[in-house]
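Asker: one predicted model, sequence on top.
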Amino acid sequence: MTCTPALRHMLALATLTAAFAAPMLRAANAAPAAAVTIDKTVPNYGVAVTDEGNYYLLNNGIVAARINKRTGSLDQVVYKGADRAGHDQGAVGVWEQDPSEAATVNGLTDSITIDPKTNGGERAEVSIKGVTGGTVTLTPGAAGGGTNFDLELRYTMGRGESGLYTYAIYSHPASYGNGQMGSESRFILRVNQSFDWISTDMDRNMLAAGPLNWGTGVVVHAKEQRIMSQGPYKNSVEHKYTYNAIQYKAPAYGWSSTKEHVGVWFINPTIEYLTGGASKQELMAHYGDNDDPDPIILDYWKGSHYGGSTLSVAAGEEWSKVVGPIFVYVNSLDKFETPTTADMDKFTASFGDPSVPKAWTDNQTALFQDALNQAKKENAKWPYDWVNGVDYPHKDGRANVSGQFVLTDPLAPAGTTTKLPHLTVGLAYPDPAPGAGGGGRGGFGGGSRGWAYDAKHYEFWNDGTEDGKFTITEVRPGNYTLHAWADGVLGDYAQANITVEAGKNIDLGKIVWTPVRYGKQLWDIGYANKDASELYKGDSANYWLWGWPLRYALLFPNDLTYTIGKSDYHKDWFFEEVPHADDLSFVNPAAKDPANQRFGWVKAYSLDDYPQTDTTGPWRIWGRGHATTWTIKFNMDKAVQGSAVMRFALAGADGGGLTVGVNGQDVGSIRPLGTNALRYNTMHTVWQEQHLTFDAAVLKPGENTMTLTVPAGEVTSGVVYDYLRLELNTYYKVDGTPIASNP
């Protein structure tokens with residue numbers, strides 16, 4: 001049966017009726033009084049599954065969902081009598097790879113894996129499965145590349161649930177050859193254009209630019225970045241990477257409608273199946289790249305951004321991974337605020353730097369907050385007891401790991417706290433050994449092949465308390481390395497060989513954590529917390545706004561000089577050091593404060609100036625700058641011998657590195673790992689520490705100067721800072737020779 005637009009419309013009108021009696025904010029947790037397509041032989045209007053030939057229809061009287069039997073795609077989502085899906089780009093809800101190609105080797109099957117007729121209508125689940133025999137690549141043309149793993153996609157719905165779950169099972173039998181996954185893998189849902197409010201966190205909880213405003217924008221630098229020439233954000237750049245977030249800190253996110261007071265959300269009840277643990281940042285929601293796009297929600301379990309990730313399986317190796325279940329949650333408001341005429345007049349008059357009606361903000365925040373509350377409920381239910389027939393341990397097949405870190409830092413300056421604020425603790429697959437083709441623990445996340453890049457295995461993370469206590473919950477059996485980091489502590493902790501057995505909780509007791517120090521601390525800048533949030537414009541209200549590499553030239557026209565003991569890193573140390581823009585024609589001449597205002601500070605162009613086939617646009621004029629040198633001034637009481645160690649904690653980096661000078665002498669450079677932090681608009685990617693050791697004899701009594709220089713080039717090259725520290729070892733020279741006076 002072909003699902004035509006007319007048929008979709010008929011289903012949308014007929015499937016669910018809007019007969020609810022609920023509180024102001026509703027997650028639609030009760031069935032409607034009547035629902036046309038419900039099988040009334042199911043007690044209390046429970047879940048029904050209908051085999052429609054080419055599709056399965058799941059329906060619980062709250063939500064109806066149609067599943068394509070060939071591709072495993074989610075082709076329709078009906079809620080409150082209307083189809084909430086977006087259909088402008090074909091399939092509505094898709095996994096990056098789908099099982100359809102397995103049909104070429106007779107390996108494609110579909111089935112009802114949970115039949116609601118056998119459980120009184122409590123739950124239904126359907127499966128679309130592709131077995132390749134190791135000879136077929138699934139979805140070879142996928143944007144992120146295909147895979148030669150077997151793949152099963154499942155969708156499930158329970159009684160009274162305001163949404164549906166989907167999960168994927170990737171597997172590689174031992175009889176298969178080498179297994180590979182494309183550069184990225186994700187589940188994507190397109191919703192219709194009535195959804196005009198985007199929410200990834202409370203800072204990016206905002207009115208969206210609008211699909212036509214986006215579609216008519218001039219491309220600048222890349223197709224994902226466009227200058228709005230009309231609408232609320234005219235003279236601003238809409239960038240899809242504006243809406244990235246740390247997945248661990250974004251358990252619910254999505255879109256809602258200011259007109260229909262409905263929200264659609266993704267909820268990850270755990271991050272155990274996501275790449276990169278508690279530090280991974282990825283795209284969450286945005287518009288597509290066409291000229292009149294539908295809004296998109298994305299769940300990257302294998303991400304290609306901010307350092308990327310890897311997944312390969314050797315020939316003869318048996319492997320599988322269950323990704324999800326992810327909950328697609330829908331909710332609505334019965335009672336809502338309405339903007340006044342004065343509010344709307346003010347809004348329209350403020351286009352460019354909009355004054356969004358408070359009523360909209362309040363309504364959409366209520367929907368978002370409800371989704372966040374639902375995420376807590378889903379986490380409490382994890383792991384779900386209805387997932388069966390795959391490698392997915394239930395609660396009795398898992399265990400908790402607890403303990404308490406005790407910080408011991410004998411070389412810390414007097415008065416340094418031993419508390420561990422924002423302690424984050426996790427268990428991950430052991431990092432590769434040094435020399436094993438990836439560098440071992442060459443940095444946070446175990447270098448370029450450690451846990452921060454690992455998409456093959458499961459990871460388990462939880463927050464601890466300031467006094468060091470932690471419990472990592474619901475861990476699958478296996479051998480792990482324990483990892484931890486906390487605010488105020490430079491570096492991270494790692495302890496190998498933590499073995500977890502089913503049903504056996506582990507108490508690791510007190511764990512002494514002694515951070516690495518190379519000598520006495522002379523000075524520091526910033527606050528070690530794995531991001532740039534404490535530095536100027538690196539805070540959560542600012543960093544994600546597009547264009548700071550350009551605006552740096554407006555904020556610091558003479559570059560930056562920082563005096564230890566006098567300057568304040570909150571306002572005097574910019575969060576990213578980039579080439580100094582040479583051409584300032586990007587400034588909108590009508591902008592009141594182009595260096596600081598949130599929106600409306602960019603000069604707009606028409607499509608006559610730069611058609612969208614020009615994927616660089618005015619960036620070829622704006623986008624380059626000359627070398628930037630920052631100067632740090634500090635005093636020394638006396639001349640010293642030994643080795644000085646300059647430690648750079650970086651929240652991101654791109655480009656040609658950083659050259660360091662002391663008192664006019666070049667003492668070396670650092671070449672950090674590129675993480676796309678600047679190009680992709682963030683203050684947090686895979687954290688890394690780089691340190692530079694130099695002869696302390698270059699320091700002198702009185703005032704000293706240190707210079708940090710980023711070379712000329714693209715203004716989206718350079719470094720994003722977290723923290724800097726200068727340490728002094730007076731016992732050994734740079735070459736390791738002991739100093740006689742300090743044996």
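Answerer: Arrived safely, thanks for sending.
Asker: how many neighbours does E317 have?
Answerer: 13 (other Cβ atoms under 10 Å). Bear in mind the C-beta positions are built from the backbone N, C-alpha and C, glycine included.
Asker: for G90, give its distance to K69.
Answerer: The gap separating G90 from K69 is 16 Å, by Cβ to Cβ, to the nearest Å.
Asker: more crowded one of the two?
Answerer: Neighbours per residue, other Cβ under 10 Å: of G90 and K69, the larger number sits with K69, 20 against 10.
Asker: what does the longest helix belonging to the chain rub up against?
Answerer: Assignment by DSSP state H gives helix 358-381 as the longest helix of the chain. Under the criterion Cβ atoms under 8 Å, 6 or more residues apart in numbering, residues 24-25, 27, 197, 199, 202, 205, 207, 251-254, 256, 258, 261-263, 265, 267-270, 327, 329, 331-333, 336-340, 343 lie in contact with helix 358-381.
Asker: only alpha carbons, please: show that helix as PDB.
Answerer: What follows is helix 358-381, C-alpha atoms only, in PDB (Å, rounded to 0.1, in the frame of the first residue of the first chain):
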ATOM      1  CA  LYS A 358       7.200  36.400  27.300                       C
ATOM      2  CA  ALA A 359       4.100  34.300  26.800                       C
ATOM      3  CA  TRP A 360       5.800  32.300  24.100                       C
ATOM      4  CA  THR A 361       8.900  31.800  26.300                       C
ATOM      5  CA  ASP A 362       6.700  30.700  29.200                       C
ATOM      6  CA  ASN A 363       4.600  28.300  27.200                       C
ATOM      7  CA  GLN A 364       7.500  26.600  25.400                       C
ATOM      8  CA  THR A 365       9.600  26.400  28.600                       C
ATOM      9  CA  ALA A 366       6.800  24.600  30.300                       C
ATOM     10  CA  LEU A 367       6.700  22.000  27.500                       C
ATOM     11  CA  PHE A 368      10.500  21.700  27.600                       C
ATOM     12  CA  GLN A 369      10.500  21.300  31.400                       C
ATOM     13  CA  ASP A 370       7.900  18.600  31.200                       C
ATOM     14  CA  ALA A 371      10.100  16.700  28.700                       C
ATOM     15  CA  LEU A 372      13.100  17.100  31.100                       C
ATOM     16  CA  ASN A 373      10.900  15.700  33.900                       C
ATOM     17  CA  GLN A 374       9.900  12.800  31.700                       C
ATOM     18  CA  ALA A 375      13.600  12.100  31.000                       C
ATOM     19  CA  LYS A 376      14.100  11.600  34.800                       C
ATOM     20  CA  LYS A 377      11.200   9.100  34.800                       C
ATOM     21  CA  GLU A 378      12.700   7.200  31.800                       C
ATOM     22  CA  ASN A 379      16.100   7.100  33.500                       C
ATOM     23  CA  ALA A 380      14.500   5.600  36.600                       C
ATOM     24  CA  LYS A 381      12.900   2.900  34.500                       C
END
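Asker: in that helix, which residues are buried?
Answerer: 359-361, 363-364, 366-368, 370-372, 374-375, 378 (16 or more other Cβ atoms under 10 Å).
Asker: now stretch 66-78
Answerer: Neighbour counts using 16+ other Cβ under 10 Å place R66, I67, N68, K69, T71, G72, S73, L74, D75, Q76, V77, V78 of stretch 66-78 among the buried residues.
Asker: still on that earlier bit, quick check: next helix or strand after the longest helix of the chain?
Answerer: Next helix or strand after helix 358-381 toward the C-terminus (DSSP states H and E): strand 399-407.
Asker: name the residues that touch that following strand?
Answerer: Under Cβ under 8 Å, 6+ apart, the answer for strand 399-407 is 418-420, 423, 425, 427, 464, 467-475, 477, 482, 484, 486, 489, 493, 498, 500-513, 515.
Asker: can you give me the helices in this protein?
Answerer: Along the chain, counting by DSSP H, helices occupy 5-15, 211-215, 341-349, 358-381, 548-555, 569-572, 619-622.
Asker: so for T139, which of those helices sits nearest?
Answerer: helix 5-15 (24.1 Å; Cβ to Cβ).
Asker: so for that closest one, mean pLDDT?
Answerer: Averaging pLDDT along helix 5-15 gives 34.
Asker: before we move on, what about stretch 326-344?
Answerer: Mean pLDDT, stretch 326-344: 95.
Asker: could I get that stretch in CSV with only the CA atoms?
Answerer: C-alpha atoms of stretch 326-344 as CSV (Å, rounded to 0.1, in the frame of the first residue of the first chain):
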residue,chain,number,x,y,z
ILE,A,326,15.2,6.2,22.5
PHE,A,327,11.9,7.7,23.6
VAL,A,328,10.1,9.9,21.1
TYR,A,329,8.0,11.9,23.5
VAL,A,330,5.0,14.2,22.7
ASN,A,331,3.3,16.6,25.0
SER,A,332,0.9,19.6,24.9
LEU,A,333,-0.5,22.5,26.9
ASP,A,334,-4.2,22.7,27.7
LYS,A,335,-3.9,26.2,29.2
PHE,A,336,-1.4,28.7,27.8
GLU,A,337,-0.5,32.3,27.8
THR,A,338,-1.3,34.5,24.8
PRO,A,339,0.8,37.4,23.7
THR,A,340,-0.9,40.8,23.8
THR,A,341,-1.2,43.0,20.8
ALA,A,342,1.4,45.3,22.3
ASP,A,343,3.7,42.3,22.8
MET,A,344,3.4,41.3,19.1
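Asker: just the buried residues of that stretch, please?
Answerer: Neighbour counts over stretch 326-344 (16+ other Cβ under 10 Å) mark I326, F327, V328, Y329, V330, N331, S332, L333, F336, P339, D343 as buried.
Asker: now, which of these sits nearest P413?
Answerer: Using Cβ to Cβ, these come closest to P413 at I326, 46.0 Å.
Asker: who does the closest one form a beta bridge with?
Answerer: T166 (DSSP bridges).
Asker: quick one, what contacts it?
Answerer: Y165, T166, Y167, F187, F266, I267, N268, D299.
Asker: how much space separates it from A412?
Answerer: Computed as Cβ to Cβ, the I326 to A412 distance reads 43 Å.
Asker: contacting residues around stretch 342-349?
Answerer: Contacts of stretch 342-349 (Cβ under 8 Å, 6+ apart): P232, P339, P354, S355, V356, P357, K358, A359.
Asker: if you set the cut-off to 6 Å instead, what comes out?
Answerer: Where contact means Cβ atoms under 6 Å, 6 or more residues apart in numbering, the residues beyond stretch 342-349 that reach it are S355, P357.
Asker: quick check: which ranges of the stretch 551-700 of the chain have low pLDDT?
Answerer: Residue ranges of the stretch 551-700 of the chain with pLDDT under 70: none are present.
Asker: can you check the chain too?
Answerer: Looking at the chain by pLDDT under 70, you get 1-45, 432-449, 740-743.
Asker: swap the cut-off to 80 and go again
Answerer: Confidence mapping of the chain against pLDDT under 80 gives the ranges 1-45, 88-91, 289-290, 431-449, 735-736, 740-743.
Asker: wait, G107 sits on G134?
Answerer: No: the pair G107 / G134 is not scored as a contact, 10.4 Å apart, by Cβ atoms under 6 Å.
Asker: check contacts around P618.
Answerer: Contacts for P618 (Cβ under 6 Å, 6+ apart) come out as V220.
Asker: cool, and the one 3 residues further on?
Answerer: Taking Cβ under 6 Å, 6+ apart as the definition of contact, the neighbours of I621 are D583.
Asker: if we go to 7 Å?
Answerer: Counting by Cβ atoms under 7 Å, 6 or more residues apart in numbering, I621 touches D583, S585.
Asker: what's the answer for the one 3 residues further on, then?
Answerer: By Cβ under 7 Å, 6+ apart, the contact list for R624 reads P579, D582, G713, E714, V715.
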